[in-house]
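K.L.:
here is the input, now give the coordinates:
(one chain, ligands or ions: 1)
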Amino acid sequence: MNEDLPNIVSERIQAIDIKRLAQSDEPYHPPRIMMLYGSLRERSYSRLMTEEAAKVLSHLGAEVKFFNPTGLPLVDDAPDSHEKVQELRKLSLWSEAQVWCSPERHGAMTGIMKTQIDWLPLAPIGGVRPTQGRTLALMQVCGGSQSFNCVNQMRILGRWMRMITIPNQSSVPKAFLEFEENGRMKPTPFYNRMVDVMEELMKFTILTRGRSAYLVDRYSERVESAEELSKRVNQKSN
Ligand SMILES: Cc1cc2nc3c(=O)[nH]c(=O)nc-3n(C[C@H](O)[C@H](O)[C@H](O)COP(=O)(O)O)c2cc1C
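P.N.:
This is a model prediction of the structure:
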């Protein structure tokens, strides 16, 4: 029994036996998952939702780390050597999967959510792109009725960041009704949906992480680098 989870959940979902599932050439360390949320409020439901999701992911066998967006500057308002930017980029490079959970504000993801993504360069850092090839799960919290604006927008963002965004997603309406005073999520169908999404994220991550280099290898980029190489070689020979 996992004390961190409602009894019913820890009875019905087992830690995933990653070692058994992994093919002989695949990694079987705990999947590394970075959690992002899009609010700085003290009692933030998007943060509480990611914390609840992290408990499920840990139970399933993942290693989970959070980025706290407090103190992250606006894009181009600080150099990218800023410590919060560096922390975010390191976490993204470390991650094999990510969870993004935004509140809906004026029918859109929050600026805080978008700023975190905008600080993550698509271009390689030290030869590695910080988001490309990683799996991604999307969630949103609403103050009003259930809407899918943020998850839809973040799905586009996930594509732009060349991530493998999983099909399932979660949107919690009237989020202020869904959490106990102590910050725990109430056991409702919205909780169950979040568990579904985390379980699916684990499955996609285990199935793809060992093959992400193959999955993200692009013909047009192979052509480009062959041309660059030939330019360099020709320059040398001139
Ligand atoms: C300025 C403003 C605009 C908002 N716009 C929406 C909206 O368009 N749709 C919605 O469902 N909730 C809206 N909300 C409610 C928030 O989504 C809700 O309070 C949410 O819990 C905030 O996220 P947090 O708890 O993580 O800070 C808005 C709240 C504020 C303050």
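K.L.:
using the three-state scheme, assign Ala137.
P.N.:
Secondary structure state of Ala137, per DSSP: H, G, I helix; E, B strand; the rest coil, is strand.
K.L.:
hang on, isn't it packed against Ile164?
P.N.:
No. Applying CB atoms under 8 Å as the test, Ala137 and Ile164 come out as separate, 10.2 Å apart. The way it works is simple: take the backbone N, C-alpha and C, and place the C-beta from them, glycine included.
K.L.:
who has more neighbours, those two?
P.N.:
The neighbour comparison of Ala137 against Ile164 (other CB atoms under 10 Å) goes to Ala137, with 30 against 21.
K.L.:
separation between the spatially closest residue to the more buried one that is not a sequence neighbour and the ligand?
P.N.:
Excluding the flanking residues, the one nearest Ala137 by CB to CB, 6 or more residues apart in numbering is Leu201, at 4.1 Å. Here the criterion is CB to the nearest ligand atom, to the nearest Å. By it, Leu201 lies 20 Å from the ligand.
K.L.:
go on, Asn182?
P.N.:
Asn182 sits 16 Å away from the ligand, going by CB to the nearest ligand atom.
K.L.:
and that residue, its phi and psi?
P.N.:
As for Asn182, its main-chain torsions (degrees, to the nearest 10) stand at phi -80, psi 0.
K.L.:
number of nearby residues for it?
P.N.:
With other CB under 10 Å as criterion, Asn182 counts 6.
K.L.:
then Arg89?
P.N.:
Each residue near Arg89 was counted by other CB under 10 Å, and the total is 17.
K.L.:
which element is it on?
P.N.:
Using DSSP states H and E, Arg89 sits in helix 83-94.
K.L.:
next secondary structure after that helix?
P.N.:
strand 97-105.
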